[in-house]
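>>> for reference, the sequence and a predicted model appear below.
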Amino acid sequence: MNLETLGWGPFFEAEFTEYKDEGYAVGRVSLEHKRLYRVLTESDEVLAEVSGKYRFHATERGDFPSVGDWVVLSVRPEEGKATIHATLSRKSKFSRKVAGNTTEEQIVAANVDVVFIVAALNADFNVRRLERYILTTWESGANPVIVLSKADLCENIADKVREVELIAMGVPIHVVSVETMLGIDELQGYIKPGKTIALLGSSGVGKSTLINYFAGKEMLKTGSIRTDDDKGRHTTTHRELLVLDQGGILIDTPGMRELQLWEAEAGLSQGFADVEELASQCKFRDCRHNAEPGCAVRQAIENGDLDEKRYESYVKLQKELAYFERKEDKYLELEERDKWKKLTMEQRRKKLK
């Protein structure tokens, strides 16, 4: 397997130059499990851990390798193991806030070219959730593609497509069904040698089923539809990078019913360009879009040109980002304090030696 097959290119080559001159190898993370990594290299697949120096200098979760990352290695081929010394800069990364009250970044997939945002056309269909996925994908640096799956289970496909079109301006939308083969050929067109596609969406929307189809074999477990609520069963429990025999790389991810934003300021502007364009037309620059005279946003809502629920979603996401930004400032302050504490301790150890 050559590096180009794994997604290698000039961007990473330039990053790797200094390490290559020192005799290091490079590989791509295909699986992560409790700080153990399965890494694909030119010659083999190895099990790797980060070095002690790497671990010492990593100040936050996002500093550690993630699925899709290119990492610098010293390989022990006779053991099938390796040590990770560095992670190359990421061309793109899809991040979210970790679950719970902790203000910390979780990188879902790195160095992705295209994100298939998969949403099932059954009882689990949720336009507001799709909005979050779209703006987070724009922020990641990858290109979003909406995949409306399980079309064979939906009787009002056209209505749901219209709902998605209202919130996904400029984003390709594909209606698919693996059961009937509807739309599958169109998706196949995105899968190209060396290109990485991440499949993201809630549990049971059919991500693993799509991957198995493109792979031509059952590489991942799939679940049946639950009869009590018409929703899919959760099957994927970890993120995994898979290289297809015919070329192309797919990253399967666990279902994310709740997607809390991490950084999405640019994505918010791109995903809600219609709302921000209207806001720029308001009479007053500091218009709050409540009852101010000359408010273009309120006028559009009253005229039916802007869905009020979409505007409410925009406001909610703005508030969420502002809240996490305030928490992140406190987190960074503590992180900086911890970093200097580590450096002080290291200096003391050196003096004792």
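Yep, it's here. No experiment lies behind these values; they were computed from the predicted model shown.
>>> got a list of contacts for stretch 68-79?
By Cβ atoms under 8 Å, 6 or more residues apart in numbering, the surrounding residues in contact with stretch 68-79 are 8, 12, 15-16, 19, 24-29, 37, 39, 41, 43-44, 46, 48, 65, 81-88, 90, 109-112, 196, 198, 241, 251. C-beta coordinates here come from the backbone N, C-alpha and C atoms, glycine included.
>>> try it again with 6 Å
Where contact means Cβ atoms under 6 Å, 6 or more residues apart in numbering, the residues beyond stretch 68-79 that reach it are 12, 19, 24-29, 46, 65, 82-88, 109-111, 241, 251.
>>> how far does it sit from its chain's centre?
24 Å (Cα atoms, centre = their mean, to the nearest Å).
>>> now do Ala279 against Trp70, distance only.
Plainly put, Ala279 is 40 Å away from Trp70 if you go by Cβ to Cβ, to the nearest Å.
>>> looking only at neighbour counts, state which of those two leads.
Counted by other Cβ atoms under 10 Å, Ala279 and Trp70 do not tie: Trp70 has more neighbours, with 27 against 18.
>>> tell me which residues touch the nearest residue to that one once chain neighbours are set aside, please.
Spatial nearest neighbour of Trp70, excluding adjacent residues (Cβ to Cβ, 6 or more residues apart in numbering): Leu88 at 4.3 Å. Counting by Cβ under 6 Å, 6+ apart, Leu88 touches Phe12, Glu15, Trp70.
>>> now pLDDT too, for those residues, in a markdown table please.
Putting those into a markdown table (pLDDT from 0 to 100) gives the following:
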| residue | pLDDT |
| --- | --- |
| Phe12 | 96 |
| Glu15 | 93 |
| Trp70 | 98 |
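>>> which SS state does the closest residue to Pro293 other than its chain neighbours fall under?
In space, Pro293 comes closest to Lys283 once its chain neighbours are excluded; the distance is 6.3 Å by Cβ to Cβ, 6+ apart. Put simply, Lys283 is coil when judged by DSSP: H, G, I helix; E, B strand; the rest coil.
>>> so His289 sits right up against Val297, yeah?
Yes. Under the criterion of Cβ atoms under 6 Å, His289 makes contact with Val297 at 4.3 Å.
>>> who's more crowded, the two?
Each of His289 and Val297 has its neighbours counted (other Cβ under 10 Å); Val297 has more, 24 against 19.
>>> measure the more buried one to Val164 for me?
According to Cβ to Cβ, Val297 stands 22 Å off from Val164.
>>> kindly report the same for Gly247.
From Gly247 to Val164 the distance is 29 Å (Cβ to Cβ).
>>> compare the two (neighbour count), which wins?
Between Gly247 and Val164, Val164 has the larger neighbour count (other Cβ under 10 Å), namely 21 against 13.
>>> for the host helix or strand of that one, packing partners?
Val164 belongs to helix 157-167 when assigned by DSSP states H and E. When contacts are defined as 3 or more Cβ pairs under 6 Å, 6 or more residues apart in numbering; DSSP states H and E, helix 157-167 packs onto helix 127-140.
>>> ok and the helix it packs on relative to helix 157-167, angle-wise?
50 degrees (axes from the mean of the first three to the mean of the last three Cα atoms, to 10 degrees).
>>> report the distance from helix 127-140 to the chain centre.
On Cα atoms, centre = their mean, the centre of helix 127-140 falls 10 Å from the chain's centre.
>>> likewise stretch 181-200?
Centroid separation between stretch 181-200 and its chain, computed with Cα atoms, centre = their mean, is 16 Å.
>>> what's the answer for stretch 200-208, then?
Between the centre of stretch 200-208 and the centre of its chain there are 13 Å (Cα atoms, centre = their mean).
>>> that one: end-to-end distance?
Using Cα to Cα, to the nearest Å, one end of stretch 200-208 lies 10 Å from the other.
>>> mean confidence score for it?
Average pLDDT, stretch 200-208: 89.
>>> how near is Ala82 to Asp44?
Distance check for Ala82 against Asp44: by Cβ to Cβ, it reads 9 Å.
>>> then Ser95?
Separation of Ser95 from Asp44 (Cβ to Cβ): 30 Å.
>>> neighbour count: those two, which is higher?
With neighbours defined as other Cβ under 10 Å, Ser95 and Asp44 compare such that Ser95 has more, 20 against 13.
>>> gap between that one and Val112?
Distance, Ser95 to Val112, by Cβ to Cβ: 11 Å.
>>> so the residue nearest the centre of the chain is in which element?
For the chain, Phe94 is the residue whose C-alpha lies nearest the centre (Cα atoms, centre = their mean; 2.9 Å). Phe94 is part of strand 93-97 when elements are defined by DSSP H and E.
>>> okay, the angle between that strand and helix 127-140?
Angle of strand 93-97 versus helix 127-140, following the same axes, to 10 degrees, is 130 degrees.
>>> count the residues that sit near Asn212.
Using other Cβ under 10 Å, Asn212 has 18 other residues around it.
>>> wait, it sits on Leu242?
No. Using Cβ under 6 Å as the test, Asn212 is too far from Leu242 to be in contact (10.0 Å).
>>> ok, Gly27 - contacts?
In this structure, Gly27 makes contact with Val39, Leu40, Thr41, Val71, Leu73, judged by Cβ under 6 Å, 6+ apart.
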